[in-house]
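> predicted model and sequence below, questions to follow.
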Amino acid sequence: MIISITNQKGGTGKTTTAINLSAALAFKKRKVLLIDMDPQAHACWGVGVREGDCLSLYEVLSPQAEKRVSFKEILKKVDDNFWIAPSSILLSVLEQQLADSKDKDLRLKMALEKERVEEDFDFIIIDCPPNLGFLTVNALRASSQILIPLQPNIFAFKGLEYLLQLVDIIKEKTNQNLSWKILITCFDARLKYTYKFISQIKETYPDNMCDTIIHVNVTLCKAQEEGKHIFSFDKYSRGAKDYFMLAEEILSQDNKVAWNIEVEEEADKIYVVGDFNSWRISEQFMLNKLDGNKFRNTFYLSPGRYKYRLVVDGRWQEDKSNPLRVKNPFGEYDSVVELK
Ligand SMILES: Nc1ncnc2c1ncn2[C@@H]1O[C@H](COP(=O)(O)OP(=O)(O)O)[C@@H](O)[C@H]1O
Ligand SMILES: [Mg+2]
């Protein structure tokens, strides 16, 4: 699932949400990629990556980059289950460079599809710049969901209409499935007018509000200043709890269930392939080697019945620890798992 964090206003909590929602999903054992689409590179700074020191999206997306690289080459590991695709100030000249290109709004989508990046992650979160320009359009065209962080004040409504108009245009022109939700950020319970604002916005968009509300919490700022996400800075802070709840809300709509698979084999590397990943070997479906010859991992799939096999050091075979199996067209057996 690809989620853009978008609002053309600056300072609404986009970057804070992008970083800490990603971290919360990773904390909950989902594989997450945070794409920093803002040339200001605040998301990079917020997780301790100095964007000038590394390859960036510019080297992937620009036809004029001195050194062109693949998308996967630029990824930096932030933490367990958490990677970032760094931004660069040079992204701000990309639109000019691509002015004559017919598919300039699809550059990010094409880059992700070319390398099947989505198959390697449970969630891709995109931190957008504070405008509705070409980079934001690229992010939206690659996404299936938009999260719109909104600070509860009278100015927040201003501009929201334009963003929603853009979403409508994209949906009409392209048939793209693009849902959106508003996330209230920086909520301060001491300020009376904020309650009025929230009831007003709930009345206007009753079906598009996140249940979770992010409270004002200075620890979130401190963590960002230190280049850390909130779960490594202070996981018991109010901010951590709020983003943890937001992750739970997003996971509950995702409707995926855990599949805990454990096998005993003499091997170095075991991958699981099946109809859930088009029978392709990918790092996302690799089992972790424990002590001895035990391998284990947890995967999250939609409820259903799946056929799968193990690729044990390159050899395809059934999962011998699972008695449920069906014969395949090659006269061998596929293992079967049913997830409810
Ligand atoms: N819930 C919050 N409580 C306190 N400060 C916050 C909160 N969310 C964001 N901030 C602070 O507000 C400023 C702007 O937030 P940021 O996420 O960078 O916004 P945007 O990316 O929309 O410009 C930052 O200094 C950030 O630390
Ligand atoms: Mg930002």
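Sure thing, it's come through. Ligands and ions are numbered 1, 2, ... in the order given.

> how many residues are close by the residue nearest to Arg68 when sequence neighbours are not counted?
Closest residue in space to Arg68, ignoring its immediate chain neighbours: Glu59 at 6.0 Å, by C-beta to C-beta, 6 or more residues apart in numbering. Where C-beta positions appear, they are placed from N, C-alpha and C, glycine not excepted. Residues lying near Glu59 (other C-beta atoms under 10 Å) number 20.

> now name the helix or strand holding Glu59.
helix 57-61 (DSSP states H and E).

> so which bits of that helix are buried?
The neighbour-count check on helix 57-61 (16 or more other C-beta atoms under 10 Å) flags 57-61 as buried.

> is the residue of the stretch 51-200 of the chain found nearest ligand 1 in a helix, a strand, or coil?
In the stretch 51-200 of the chain, the residue that lies nearest ligand 1 is Cys186 (4.6 Å; C-beta to the nearest ligand atom). What DSSP: H, G, I helix; E, B strand; the rest coil gives for Cys186 is strand.

> contact residues of the chain facing ligand 2?
14-15, 42 (C-beta under 5 Å from the ion).

> give me the subset of the residues you listed touching ligand 1.
Filtering the residues of the chain next to ligand 2 for proximity to ligand 1 by C-beta under 6 Å from any ligand atom leaves 14-15, 42.

> center of the protein, which residue is that?
Residue closest to the average C-alpha location in the chain (C-alpha atoms, centre = their mean): Ile124, at 2.1 Å.

> what residues does the one helix or strand that residue maps to touch?
For Ile124, the element it lies in under DSSP H and E is strand 123-127. Residues from elsewhere that reach strand 123-127 (C-beta atoms under 8 Å, 6 or more residues apart in numbering): 1-5, 14-15, 18-19, 21-22, 25, 30-38, 42-43, 108, 112, 117-118, 139, 142-143, 250.

> again, only this time at 7 Å
Here strand 123-127 makes contact (C-beta atoms under 7 Å, 6 or more residues apart in numbering) with 1-5, 14-15, 18, 21-22, 25, 30, 32-38, 43, 118, 139, 143.

> what's the answer for stretch 188-200, then?
152-153, 184, 187, 216.

> quick one: average pLDDT of it?
Confidence over stretch 188-200, taken as the mean pLDDT, stands at 87.

> output that stretch in PDB with nothing but the alpha carbons.
The C-alpha coordinates for stretch 188-200 follow below in PDB (Å, rounded to 0.1, in the frame of the first residue of the first chain):
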ATOM      1  CA  ASP A 188      -4.200  21.200  22.000                       C
ATOM      2  CA  ALA A 189      -7.000  20.300  24.400                       C
ATOM      3  CA  ARG A 190      -6.500  23.600  26.300                       C
ATOM      4  CA  LEU A 191      -7.600  25.700  23.400                       C
ATOM      5  CA  LYS A 192     -11.400  25.800  23.300                       C
ATOM      6  CA  TYR A 193     -11.800  26.900  19.700                       C
ATOM      7  CA  THR A 194     -10.100  23.700  18.500                       C
ATOM      8  CA  TYR A 195     -13.200  21.700  19.600                       C
ATOM      9  CA  LYS A 196     -15.300  24.000  17.500                       C
ATOM     10  CA  PHE A 197     -13.000  23.600  14.500                       C
ATOM     11  CA  ILE A 198     -13.000  19.800  14.800                       C
ATOM     12  CA  SER A 199     -16.700  19.500  15.000                       C
ATOM     13  CA  GLN A 200     -17.000  21.800  11.900                       C
END
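
> ranges for the helices of the chain?
Applying DSSP state H to the chain gives helices spanning 14-27, 42-46, 57-61, 94-97, 107-114, 134-142, 160-174, 192-204, 218-225, 230-233, 238-254.
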